[in-house]
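[1] sequence? don't have it. structure:
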Ligand code: ATP
């Protein structure tokens with residue numbers, strides 16, 4: 001059976017003591033710590049790249065030291081060279097500046113390369129962990145979540161996180177260091193003036209806290225609305241035939257516009273918040289320059305500062321006020337990332353309802369004996385759907401499940417591969433409770449042929465080979481022949497290399513069905529589960545499929561669900577389900593003699 005290998009599925013766990021993005025105590029940097037606190041869970045994914053991050057940070061620190069040096073040279077030239085008309089004194093400082101700029105450029109090149117590569121690796125790991133987690137989820141999880149929303153989480157939300165790691169962490173460290181470095185130099189040059197210049201930044205830090213509190217919820221809502229768009233799109237594209245058949249394009253367009261409008265509104269709300277806050281924040285920061293100029297001139301006139309000193313201050317202006325702008329942008333990026341991460345983290349941390357027990361065994365040579373012992377079942381917290389179901393299917397024996405729609409027939413089938421766990425009683429395969437068999441081994445022992453055959457957008461050959469990936473072409477052809485599929489495949493222009501289209505749209509229902517039977521032949525399972533396997537096809541191709549199925553069933557334990565009672569006539573045991581209970585059981589002849597529900601259903605079908 002095509003299933004995820006449970007033993008290969010590493011489970012993501014939240015770290016006990018997150019190490020990254022820890023909040024510092026600096027008032028200036030306080031605001032960048034707020035959103036980052038919820039980004040702590042990213043650390044397990046960043047950890048493998050800590051060497052690269054450390055190297056990048058080292059280059060950054062050295063690069064910033066190099067960057068901060070030239071304005072000191074400017075001050076030196078004004079006060080010591082120009083003021084003293086010392087022409088030869090120009091050479092040394094100029095050469096130093098040229099050297100410092102060169103080293104800065106080299107450090108920047110190394111840092112960009114190292115950090116960006118680490119960022120790409122981080123996203124690669126995170127996306128694959130998310131996919132692995134999705135693969136390990138039970139069907140109950142997918143019944144509760146919208147496919148398009150899950151796709152948006154694995155694609156768009158993770159992309160947003162990529163921005164933070166590549167641009168964000170680097171930029172936060174760089175700008176914070178610049179800001180702290182310049183603040184230190186300011187205070188060293190003229191303590192009073194330095195402290196005065198810091199006042200607007202402290203005000204800004206408090207303003208940013210308030211902004212973050214408000215924008216966080218807006219960004220969360222916006223990411224959720226983006227997920228809604230993905231879900232709606234996925235739903236509508238999969239159901240495009242129904243939309244067209246019922247001429248509901250206009251209604252669906254309106255519904256889609258409703259979803260996108262809600263996304264737009266969330267985005268506009270964020271724009272409104274940003275467009276009010278950012279100019280105000282910039283204006284607060286600009287007060288630093290006003291204070292610098294006014295108090296700088298004042299201290300020069302008092303003889304407590306030099307003109308060269310003020311020129312140096314001015315030279316540092318862009319390293320001081322530039323980072324404030326950048327940090328505000330990065331703060332915004334962190335807020336978006338925090339909203340995106342909340343969604344990815346939810347996916348990664350979702351509990352898995354069907355897992356391998358620690359003592360789970362592998363079925364070495366599955367015999368194929370299926371036993372239901374007094375099974376009760378409910379979907380999630382819902383009402384019980386199945387009550388006290390007991391039966392046994394042994395190799396070569398066919399058990400059929402019939403009954404009215406909604407009686408629980410498909411649910412019984414879903415319990416055999418452990419798509420869901422029973423609520424009471426037990427399902428056993430070869431005498432082992434399925435909860436104590438490794439899922440990969442359990443599902444390899446069986447094949448499921450359904451009414452709605454799923455084919456991948458690949459060649460016929462690869463679709464059949466999905467049943468056993470290492471099968472040779474000859475084996476695939478032999479399986480196709482057994483499934484009465486070889487002739488129609490051979491007649492196609494590209495034979496086994498024909499692409500089947502998305503979900504196999506280029507094939508007829510009967511052809512798709514035979515390919516899925518060929519898949520099952522190739523898998524050579526001990527247990528065969530047939531769920532309305534002939535219901536979707538024309539009566540004339542039904543007998544071809546029926547003949548293929550008869551061949552497939554030989555020697556295997558088969559459980560069949562069918563509305564077409566002619567298909568189950570030859571079953572060794574027919575269970576008649578009604579309201580989740582077995583109301584009649586036995587072979588066709590004795591059920592007919594009983595004259596109950598089964599006999600009435602047969603009469604109805606024979607018309
Ligand atoms: P049909 O012959 O129409 O296919 P069935 O006998 O196979 O019906 P099931 O599909 O097993 O019936 O469904 C049995 C009951 O379980 C139904 O009432 C159905 O609504 C409910 N059900 C099926 N799947 C789910 C699910 N994933 N979550 C909740 N309830 C479900």
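    That came in fine, so what should we check first? The structure displayed is predicted, hence computed values, not measured ones.

[2] how near is residue 250 to the ligand?
    31 Å (Cβ to the nearest ligand atom, to the nearest Å). For the C-beta atoms, the positions are set from N, CA and C on the backbone; glycine is no exception.

[3] name the SS class of that residue, please.
    What DSSP: H, G, I helix; E, B strand; the rest coil gives for residue 250 is helix.

[4] and the next helix or strand past the helix or strand hosting residue 277?
    Per DSSP states H and E, residue 277 falls inside helix 249-301. The helix or strand immediately downstream of helix 249-301 is helix 307-349, counting by DSSP H and E.

[5] which residues does the closest residue to residue 207 other than its chain neighbours contact?
    Sequence neighbours aside, residue 281 is the residue nearest to residue 207 in space, at 6.2 Å (criterion: Cβ to Cβ, 6 or more residues apart in numbering). Residues near residue 281 by Cβ atoms under 8 Å, 6 or more residues apart in numbering: 204, 207, 208, 211, 324, 328.

[6] hmm, 7 Å instead?
    Residue 281 makes contacts with 204, 207, 328, as judged by Cβ atoms under 7 Å, 6 or more residues apart in numbering.

[7] what about the residue of the stretch 51-200 of the chain found nearest the ligand, helix or strand, and which?
    Nearest residue of the stretch 51-200 of the chain to the ligand (Cβ to the nearest ligand atom) works out as residue 143 at 4.2 Å. Assessed by DSSP H and E, residue 143 sits inside helix 139-144.

[8] buried residues in that helix?
    For helix 139-144, the buried set under the neighbour-count rule, 16 or more other Cβ atoms under 10 Å, comprises 140, 141.

[9] repeat that for stretch 305-312.
    Under 16+ other Cβ under 10 Å, the buried positions of stretch 305-312 are 305, 306, 308, 309, 310, 311, 312.

[10] residues in contact with that stretch?
    So stretch 305-312 is contacted by 71, 72, 74, 75, 78, 79, 189, 190, 193, 296, 299, 300 (Cβ under 7 Å, 6+ apart).

[11] next to the ligand in this structure, residues from the chain, please.
    Proximity of the chain to the ligand (Cβ under 6 Å from any ligand atom) is limited to residues 143, 379, 382, 385, 405, 406, 407, 408, 409, 410, 411.

[12] which PyMOL command selects the buried ones in those residues?
    Those of those that count as buried under 16+ other Cβ under 10 Å are selected in PyMOL with:
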select buried, resi 385+407+408+409+411
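
[13] show me the contact partners of the helix holding residue 143.
    350, 353, 380, 419, 420.

[14] again, only this time at 10 Å
    Helix 139-144 has contacts (Cβ atoms under 10 Å, 6 or more residues apart in numbering) with 133-134, 137, 150, 347, 350-354, 379-380, 414, 417-421.

[15] excluding chain neighbours, what is closest to residue 189?
    Using Cβ to Cβ, 6+ apart, the nearest residue to residue 189 is residue 309, at 5.4 Å.

[16] ignore what I typed, I meant residue 296.
    Spatial nearest neighbour of residue 296, excluding adjacent residues (Cβ to Cβ, 6+ apart): residue 310 at 4.4 Å.

[17] nearest residue to the middle of this structure?
    residue 154 (2.8 Å; Cα atoms, centre = their mean).

[18] surely that residue and residue 127 touch.
    Yes: between residue 154 and residue 127 there is a contact under Cβ atoms under 10 Å: 6.1 Å.

[19] any shared contact partners between those two?
    By Cβ under 10 Å, 6+ apart, the residues touching both residue 154 and residue 127 are residue 344.

[20] packing partners of the helix or strand hosting residue 45?
    Using DSSP H and E, residue 45 sits in helix 43-46. On a contact count with 3 or more Cβ pairs under 10 Å, 6 or more residues apart in numbering; DSSP states H and E, helix 43-46 meets helix 50-68, helix 91-136, helix 307-349.

[21] swap the cut-off to 7 Å and go again
    helix 91-136 (3 or more Cβ pairs under 7 Å, 6 or more residues apart in numbering; DSSP states H and E).

[22] so what's the gap between the helix it packs on and the chain middle?
    Distance of helix 91-136 from its chain centroid, counting by Cα atoms, centre = their mean, to the nearest Å, is 25 Å.

[23] also stretch 167-177?
    Stretch 167-177 has its C-alpha centroid displaced from the chain centroid by 27 Å (Cα atoms, centre = their mean).

[24] what's it in contact with?
    29, 32, 56-57, 60-61, 64, 115, 323, 326-327, 330, 333-334, 337.

[25] appreciated, that's everything.
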